[in-house]
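# Coordinates only, no sequence provided:
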């Protein structure tokens, strides 16, 4: 029987030879990730009411990233509670060193073929590593923490194929904004979204993480990419082990809900107008729009490679008058590497403000939230009304390259002219 990658992973977790889309099955969870916002403060009361502990503390990872750096009374209190819970429950704990969707892969704990749950809507990031990872709420998470199991409906698969390769100045973020514009935010209704094609195979792991992460914006439960040598090399570099990944792929004649094919070579940098990622269009089609804030941050826009690309554009240049560029590296590991290579110095010389390794204003946290009537361009995954600050703020989305170019010009701008004469990295 020909099956999809999603079916193969779920069948293993269910202890079955095969599973069929539409079936409801109970699966064993290989790893559970929680963070400070939806974690201990939400799940512990439920566990206490049930009178149970953790099913397996070694399979639970806790990461503080939402209320970091604890610059409010509430934030400081929640971080204290999170730290105390980590010590009491003896779980792996990563405290204030970056966003959970970036820190978890850096920990080397993800592995192809795993079934993983996360207490955050962008948990599909794990699909970049060939794991079936999806987000759940606090009540479901408490059930997982108590039993090590969860039920799910076996999804159909939407296969999204990108032929050829991306042009210089075009990133995975542009792929995702284009898909949001073409398919809409409910393009995947509980389905597994799988990315494939020459363009996808050519991407680095950090770029693939952006694709899987934003499967959430398409409405998918998971965002999968078949593991390959690139996957294995990345995991080895962070102390992980890809295991036996070669058979983890969708069979050629497996049943699909849909198969979309796009040409990566023709894709231009994309921007999404307020207040939805679905309002996406090529940057060349956007009327001149002045901005006063440029934000390079979040799990979809401030990893090491994002920082490196943005710095290529900013090097030797200054910000436009009146533009506030904020840079919040996705993890301390990526920031340290960028600092060693002189990348962070480029941001500082350009006049940027460096913010903590945290979710920050992407999720509406911290003191740098957008004020009234601000127009911003951001590398975040979402631009919903009021999400990053005042309801009157207008947030456009773009790749970190587009954000950097716009910070220089003071208006939403195509990054490609700033990269002429240099090779894509």
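Yep, that arrived. Keep in mind it's a predicted model, so treat the numbers as computed, not measured.
# from here on, contacts and neighbour counts on C-alpha atoms
Will do.
# Mind listing what's buried along the helix or strand encompassing residue 181?
Taking DSSP states H and E as the criterion, residue 181 maps to helix 172-183. Under the neighbour-count criterion of 16 or more other C-alpha atoms under 10 Å, helix 172-183 has 172, 173, 174, 175, 176, 177, 178, 179, 180, 181 buried.
# neighbouring contacts of that helix?
Helix 172-183 has contacts (C-alpha atoms under 8 Å, 6 or more residues apart in numbering) with 187, 207-208, 210-211, 214, 217-218, 267-272, 277-281, 300-301, 398-399.
# What average pLDDT does it get?
Per-residue confidence for helix 172-183 averages out to 97 on the pLDDT scale.
# The helix or strand following it packs against which elements?
Helices and strands here follow DSSP H and E; after helix 172-183, the next one along the chain is strand 192-196. The contact analysis (3 or more C-alpha pairs under 8 Å, 6 or more residues apart in numbering; DSSP states H and E) places strand 192-196 against strand 157-163, strand 222-225.
# Deepest-packed of those strands, please.
Taking mean count of other C-alpha atoms under 10 Å as the contact definition, the stretch among those with the greatest mean neighbour count is strand 222-225, which reaches a mean of 33.
# contacting residues around that strand?
Taking contacts as C-alpha under 8 Å, 6+ apart, the residues outside strand 222-225 that touch it are 5-6, 124-134, 191-196, 208, 211-216.
# And the strands in the stretch 1-150 of the chain, which stretches?
According to DSSP state E, counting those that start in this stretch, the stretch 1-150 of the chain carries its strands in the segments 24-28, 31-35, 60-64, 92-95, 115-118, 132-135, 149-153.
# got JSON lines for those strands, with distance to residue 344 too?
Rendered in JSON lines, the data for the strands of the stretch 1-150 of the chain read as follows (distance: least, C-alpha to C-alpha, whole Å):
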{"stretch": "strand 24-28", "distance to residue 344": "42"}
{"stretch": "strand 31-35", "distance to residue 344": "27"}
{"stretch": "strand 60-64", "distance to residue 344": "23"}
{"stretch": "strand 92-95", "distance to residue 344": "22"}
{"stretch": "strand 115-118", "distance to residue 344": "30"}
{"stretch": "strand 132-135", "distance to residue 344": "32"}
{"stretch": "strand 149-153", "distance to residue 344": "42"}
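# do you know which of the ones you listed lies nearest residue 323?
With distances scored as C-alpha to C-alpha, the stretch of these nearest to residue 323 is strand 60-64 (30.1 Å).
# angle of that closest one against strand 31-35?
Using axes from the mean of the first three to the mean of the last three C-alpha atoms, to 10 degrees, the inter-axis angle of strand 60-64 relative to strand 31-35 is 20 degrees.
# who does strand 60-64 touch, helix- and strand-wise?
The criterion is 3+ C-alpha pairs under 8 Å, 6+ apart, and the helices and strands that strand 60-64 contacts are strand 31-35, helix 73-89, strand 92-95, helix 100-106.
# Let me know which of these is the nearest to residue 346.
Proximity to residue 346, assessed across those by C-alpha to C-alpha, is greatest for helix 100-106 (22.7 Å).
# And the contacts of that closest one?
Counting by C-alpha under 8 Å, 6+ apart, helix 100-106 makes contact with 35, 63-65, 94, 97, 110, 122-123, 125-126, 235, 238, 299, 303, 330-331, all of which sit outside it.
# and the helix or strand containing residue 199, which residues are buried?
Using DSSP H and E, residue 199 sits within helix 198-201. If you call a residue buried by 16+ other C-alpha under 10 Å, then helix 198-201 has these buried ones: 199, 200, 201.
# quick one: which of the helices and strands packed on strand 192-196 is nearest residue 90?
The minimum distance between residue 90 and the helices and strands packed on strand 192-196 falls on strand 222-225, with 28.8 Å, by C-alpha to C-alpha.
# so how far is the helix or strand that the closest one is followed by from its chain's centroid?
Per DSSP H and E, strand 222-225 leads on to helix 229-237 as the next helix or strand towards the C-terminus. Computed by C-alpha atoms, centre = their mean, to the nearest Å, the separation of helix 229-237 from the middle of its chain amounts to 18 Å.
# cool, and stretch 58-70?
On the basis of C-alpha atoms, centre = their mean, stretch 58-70 is displaced by 16 Å from the centre of the chain it belongs to.
# Give me the contact list for it.
Taking C-alpha under 8 Å, 6+ apart as the rule, stretch 58-70 contacts 30-37, 39, 75-79, 82, 86, 91-100, 103, 145, 356-360, 363, 365-366.
# at 6 Å instead, please
Among residues not part of stretch 58-70, those counted as contacts by C-alpha atoms under 6 Å, 6 or more residues apart in numbering are 31-36, 75-76, 91-96, 99-100, 358-359.
# Show me where the protein has its helices.
Taking DSSP state H, the helices of the chain run over residues 5-14, 40-50, 73-89, 100-106, 138-147, 172-183, 198-201, 205-213, 229-237, 304-314, 332-340, 343-350, 400-409.
# Pick the most deeply packed of the ones you listed.
By mean count of other C-alpha under 10 Å, the helices of the chain have helix 400-409 as the most buried, with a mean of 28.
# between it and helix 343-350, how many degrees?
On the basis of the same axes, to 10 degrees, helix 400-409 is oriented at 20 degrees to helix 343-350.
# For helix 400-409, what is the distance to the chain centroid?
Remark: helix 400-409 is offset 20 Å from the chain centroid, using C-alpha atoms, centre = their mean.
# Show me what that helix is packed against.
Using 3 or more C-alpha pairs under 6 Å, 6 or more residues apart in numbering; DSSP states H and E as the contact criterion, the neighbours of helix 400-409 among helices and strands are strand 293-296, helix 304-314.
# Could you rerun that using 10 Å?
Using 3 or more C-alpha pairs under 10 Å, 6 or more residues apart in numbering; DSSP states H and E as the contact definition, the elements that helix 400-409 packs against are helix 172-183, strand 270-272, strand 293-296, helix 304-314, strand 324-327, helix 343-350, strand 375-378.
# nearest to residue 255, of the ones you listed?
Counting by C-alpha to C-alpha, residue 255 lies closest to helix 172-183 out of those; the figure is 20.0 Å.
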